[in-house]
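A.B. asks: Give me a model of this one.
(2 chains)
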Amino acid sequence: MSLLDIAHIDTAYGAISVNRDVSLSVGEGEIATILGPNGAGKTTLLRAICGVVKPKRGAILVSGRDMTRLPPDKLAKAGVVMVPEGRRIFADLTVRENLRLGAYAREDREAIEADIRRMEYYFPVLAQKRDQKGGALSGGQQQMLAIARGLMARPRLLLLDEPSLGLSPLMVKEVQSVIADLRKNFGAAVLLVEQNASLALAVAERGYLMQSGRIVAANAIAELRDSRLMRDLYLGAGKSRLGEAAAPN
Amino acid sequence: MEIFLQQLINSLSVASVIILIGIGITLIFGLTGIINFAHGEFLMIGGMTTWLVVSHGGGFLLGAAAAVAVVGALGFVLERSLFRLTLDRPMNGFIISLGLIVVLQHVVIRFWNSYQKAIPQPLASVWEIGGVRIVAMRAAVVLITAVVVAITFFAISRSRYGLALRASVADQETAALMGVPVRRYITGVFIYGSALAGLGGAMMIALFPITPFIGSVIVVRGFAVALIGGLGNVAGAVLAGLVLGLMDGLSAGYGLPEWTEAYSFALMILILLLRPQGLLGGTAGPKAI
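C.D. replies: From the prediction side, this is the model:
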């Protein structure tokens, strides 16, 4: 039994089927990634795990407990929190209010202020901007705030959807080091969906390769990186993208 | 000057009732995108509940408490049974609310009748301060509304629930991802908005006799206030209510009183031409995704 087990999940938007028979698991403190071309169904799978999309079939277990088809706030309470694509910062709330909202599902209210200070220690820019509106932050700062807001829930599993999207190469590097340290600093496992393959391959320990809504390969990241399937399916189609992403590093 | 002050307090008491309605309309719209046109009928039912309690020998305070409870419960039931089903398509909620106007009016007329109902003035005294005659009940209505508005503001801007409400108005899905039970907030806002309409109804019948048809007159003004202030913006609704109240007072005192309504609607048109987003800016309703 892992922290997260999903078994034979099918998802669909109306009549259009997205994921088919997807099974995967993430262990306690593990960093896993789902790789695959655009439109493979990675984001939809994340949205199904955190309860935004209701799966047509299959089961989602958190520490062995069946959480299939429960709403997102129940998953957040159980420690499964998503940092959504595009960051989705509350633009009219201050940085501190954004952080405080991240802790909404927690029972231990006394510890929230201490955790806010902790986030400000790990993400110094959030301390500088604490009373500014979220909308006034730059893209990279918003991504830090989005991750910190997710961490305020003290998640056991953080789902990260395209955290490097639209960021400068320098910020991408910073996001990468933040993700790599999530387990050490916050004890959270991570399931990462990322277009920037070099980032995902650098931080993850385990990888799932998704194509047309199905998992076509699952392995330790080192083996997956060198596998022929990976080259054919993903890097072959996205060679130039990998090249671009690698160049500034 | 005395006459002006007298007019001002009179119009502020009416504005208070409108503000209570406007807050409900604007809160419900902000969170669900539903424009609830039956909100005026909620007020009417609040007034009728107060009348029933008072005419059966209960005091006004008991009547007002009953109005708040009955209309709050009505909001809860209607949200759970009807409006909840339209959250994906707020336009359907709006259409349902139009139907509810007819249903609620006719239920009242069927069980009682369509005649005017009145209760004895709960506070009959009239204070005279420096030549200004203040009807105590009107002052009480303004005071009660001020307290309710202050509590509402404080709750929205300072409390954990207010923070979650503001986040849900901005982006329901992300709020839910952070653990906010958005559906429960929607129910809560319906109950709170309806309870305020019930309170408004109790205060209305304390000021004037009302008929089962008062709702449509009130809701148009409540909607105007919500729109002028910026839909979804509580502070805007209060400000717009005060502006319209002042306009009423001035026009009744110095202009032609029969044109009072026209003045306020002219003001509404003018404000919306200059600031289509409302005085303090509003929301276009919750985001679809």
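
A.B. asks: How about the residue of the stretch 1-150 of chain B found nearest chain A: what's its closest non-neighbour residue?
C.D. replies: Chain A sits closest to residue B:30 of the stretch 1-150 of chain B, with a gap of 12.1 Å, by C-beta to the nearest C-beta. For the C-beta atoms, the positions are set from N, CA and C on the backbone; glycine is no exception. Distance criterion C-beta to C-beta, 6 or more residues apart in numbering or on different chains; nearest residue to residue B:30, sequence neighbours excluded, is residue B:232 at 3.0 Å.

A.B. asks: Can you tell me the element the one you found falls in?
C.D. replies: Using DSSP states H and E, residue B:232 sits in no helix or strand.

A.B. asks: ok so, going back, find the helix or strand that the residue of the stretch 1-150 of chain B closest to chain A is a member of.
C.D. replies: Assigned by DSSP H and E, residue B:30 falls in helix B:2-32.

A.B. asks: That helix - contacts with which helices or strands?
C.D. replies: Here helix B:2-32 touches helix B:39-55, strand B:132-135, helix B:136-158, helix B:160-170, helix B:182-207, helix B:214-229, helix B:234-254, going by 3 or more C-beta pairs under 8 Å, 6 or more residues apart in numbering or on different chains; DSSP states H and E.

A.B. asks: How many residues are close by residue A:42?
C.D. replies: 26 (other C-beta atoms under 10 Å in any protein chain shown).

A.B. asks: That one contacts residue A:210, doesn't it?
C.D. replies: Yes: contact criterion C-beta atoms under 8 Å: residue A:42 and residue A:210 qualify, at 5.7 Å.

A.B. asks: mind listing what residue A:183 touches?
C.D. replies: By C-beta atoms under 8 Å, 6 or more residues apart in numbering or on different chains, the contact list for residue A:183 reads A:29, A:31, A:189-190.

A.B. asks: Among these, find the lowest-pLDDT one for me.
C.D. replies: Ranked by pLDDT, the contacts of residue A:183 bottom out at residue A:29 (90).

A.B. asks: Could I get the phi/psi values of that residue?
C.D. replies: phi 70, psi 10 (degrees, to the nearest 10).

A.B. asks: so how far is residue A:4 from it?
C.D. replies: 12 Å (C-beta to C-beta, to the nearest Å).

A.B. asks: And for residue B:31?
C.D. replies: 31 Å.

A.B. asks: Which residues are in contact with each of residue A:42 and residue A:210?
C.D. replies: Counting by C-beta under 8 Å, 6+ apart, the residues touching both residue A:42 and residue A:210 are A:34, A:36.

A.B. asks: and whatever residue of chain B ends up closest to chain A, what does it touch?
C.D. replies: Chain A sits closest to residue B:179 of chain B, with a gap of 2.7 Å, by C-beta to the nearest C-beta. Going by C-beta under 8 Å, 6+ apart, residue B:179 touches A:72-73, A:76-77, A:81, A:104-106, A:153.

A.B. asks: Grab the two from those residues that are most spread out in space.
C.D. replies: Across the contacts of residue B:179, no pair lies farther apart than A:72 and A:106, at 15.3 Å, counting by C-beta to C-beta.

A.B. asks: Comparing those two, which residue is more hemmed in?
C.D. replies: Counting neighbours by other C-beta under 10 Å for residue A:72 and for residue A:106 shows that residue A:72 has the greater number, 27 against 16.

A.B. asks: Residue A:51 is in contact with that one, correct?
C.D. replies: Yes: contact status for residue A:72 versus residue A:51: in contact at 4.1 Å, counting by C-beta under 8 Å.
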